[in-house]
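Novice: coordinates only, sequence not included:
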Ligand code: FAD
């Protein structure tokens, strides 16, 4: 049976995050010929609605309100629930991002539905869809199927391929009125700590540094390599604890979970808590001077050596490509 699927588009600084396009692709698989409806929430989001349609949404609903300029779970849940009440969807897809992780349980509890979080793969379509998600910090995968009620999933960024962009696609864009009341949280100011550039959780290439990087200064060649490859810099908790970089860069069990195409770990030992955040990367390269380092167990390519010699060599090599 075909389904109507609501897909939340995430807008950051006026642009849609890639995970929104991946969520549309997941929505299409679930819809099985049904309708995929994009939902955009903010104070001024209509300008990106056409892009959602070009990536596969059949139509888009915008919910605009001055109180929705910054994300708050109170405001966004009221806005999203207004769309749910109006549309009565059979399925919902969010990105498994900071926003998605915060908002999805609230919506699921309002709907009294289940929630399959952090989906990395969908097997089958429509009624037969089976959702695959990592468990035990990525050491195993479970397959989940929904038998009844609203099917609600969050998808891990960088795992489900978006559909090809089709600039000729058109669809209806409508607005949903909402009265945002009883806001318990008001964001007064946003202070950015992470470095500007590619978003770590969506980066295709990550150059991560550990305690072996030894200082804040030691991260500079890693940043240079990341910039050269169009990627982002990440870190182990060891590096964050030592104050070499900001905690917003931490990857692992208590940091960000990433799945880039290429992950280069520099001076990271490969503790289980770090592996929990990166072991599903498509290609892992480890640079470590200890040949027994645990990181080599998950690496596709290992370089035993001093990162301060190896990283500059990689920079020179990539400059010639
Ligand atoms: P180390 O273990 O000290 O490793 C440094 C490595 O650098 C060594 O292998 C060394 O051989 C190598 N090295 C040194 N100099 C060089 C050089 N010049 N060139 C090449 N290699 C060099 N950790 C995380 O990363 N993320 C998490 O989310 C996380 N969550 C945690 C949650 C809990 C509850 C706990 C208890 C721990 C958590 N940790 C987490 C910490 C984790 O257990 C490790 O302590 C941490 O990952 C170690 O960081 P590291 O690999 O940078 O440092």
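Specialist: Alright, I've got the coordinates. No experiment lies behind these values; they were computed from the predicted model shown.
Novice: what residues does the protein put near the ligand?
Specialist: Applying CB under 6 Å from any ligand atom, we find that the chain lies next to the ligand at 210-212, 236-239, 250-255, 267-269, 271, 273-274, 277, 287-290, 293, 306-308. Every residue, glycine included, has its C-beta placed from N, CA and C.
Novice: Next step: these restricted to strands.
Specialist: Judged by DSSP state E, strands contain the following of the residues of the chain next to the ligand: 287-288.
Novice: So what touches the helix or strand of the chain with the lowest mean pLDDT?
Specialist: Lowest by mean pLDDT, DSSP states H and E among the helices and strands of the chain is strand 11-12, with a mean of 93. Strand 11-12 has contacts (CB atoms under 8 Å, 6 or more residues apart in numbering) with 17, 40-42, 45, 48, 199.
Novice: low-confidence ranges in the stretch 151-300 of the chain?
Specialist: Counting by pLDDT under 70, the ranges of the stretch 151-300 of the chain that qualify are 193-197.
Novice: just the strands in the stretch 51-200 of the chain please.
Specialist: Counting by DSSP state E, counting those that start in this stretch, the stretch 51-200 of the chain has strands at residues 59-64, 91-95, 116-119, 121-123, 130-135, 140-144, 151-155, 173-175.
Novice: Quick check: which of those strands is buried the most?
Specialist: Mean neighbour counts were taken over the strands of the stretch 51-200 of the chain using mean count of other CB atoms under 10 Å, and the top value, a mean of 28, falls to strand 91-95.
Novice: give me the number of residues near residue 184?
Specialist: 8 (other CB atoms under 10 Å).
Novice: shift numbering so it begins at 819
Specialist: Sure, I'll start counting at 819 from here, so that last one is residue 1002.
Novice: Got the confidence number for the closest residue to it other than its chain neighbours?
Specialist: Leaving aside its chain neighbours, residue 1002 sits nearest to residue 892 (5.5 Å; criterion: CB to CB, 6 or more residues apart in numbering). Reported pLDDT at residue 892 in the predicted model: 94.
Novice: And residue 892, how far from residue 1000?
Specialist: When CB to CB, to the nearest Å is applied, the distance between residue 892 and residue 1000 equals 7 Å.
Novice: And residue 851, by the same measure?
Specialist: 39 Å.
Novice: Help me confirm that residue 1119 comes into contact with residue 1103.
Specialist: Yes - when contacts are counted by CB atoms under 8 Å, residue 1119 is listed as touching residue 1103 (4.6 Å).
Novice: Give me the more crowded residue out of these two.
Specialist: Taking residue 1119 and residue 1103 together and counting by other CB under 10 Å, residue 1103 has the greater number of neighbours (19 against 12).
Novice: Would you list the phi and psi of the more buried one?
Specialist: Note on residue 1103: backbone dihedrals following degrees, to the nearest 10 are phi -120, psi 130.
Novice: Now do the contacts for it.
Specialist: For residue 1103, the set of contacting residues under the criterion of CB under 8 Å, 6+ apart consists of 1080-1083, 1117-1121.
Novice: List the contacts of residue 984.
Specialist: 872, 874.
Novice: Now do it against the ligand, distance only.
Specialist: Applying CB to the nearest ligand atom, to the nearest Å, one obtains 39 Å for the distance of residue 984 from the ligand.
Novice: what helix or strand is the residue lying closest to residue 940 once chain neighbours are set aside on?
Specialist: Excluding the flanking residues, the one nearest residue 940 by CB to CB, 6+ apart is residue 847, at 5.1 Å. Following DSSP states H and E, one finds residue 847 within helix 836-849.
Novice: what lines up beside the helix or strand following that helix in the sheet?
Specialist: Once the chain leaves helix 836-849, the next helix or strand it forms, by DSSP H and E, is strand 854-860. Sheet neighbours of strand 854-860, with direction, are listed as strand 823-827 (parallel), strand 877-882 (parallel) (DSSP bridges).
Novice: can you list these in CSV and add distance to residue 962 and mean pLDDT?
Specialist: Formatted as CSV, these follow (distance: least, CB to CB, whole Å; pLDDT from 0 to 100):
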stretch, distance to residue 962, mean pLDDT
strand 823-827, 17, 98
strand 877-882, 28, 98
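Novice: pLDDT score assigned to the residue in the stretch 819-968 of the chain positioned nearest to the ligand?
Specialist: Shortest the stretch 819-968 of the chain-to-the ligand distance, computed as CB to the nearest ligand atom: residue-wise this is residue 955, at 9.5 Å. If you check residue 955, the pLDDT there is 81.
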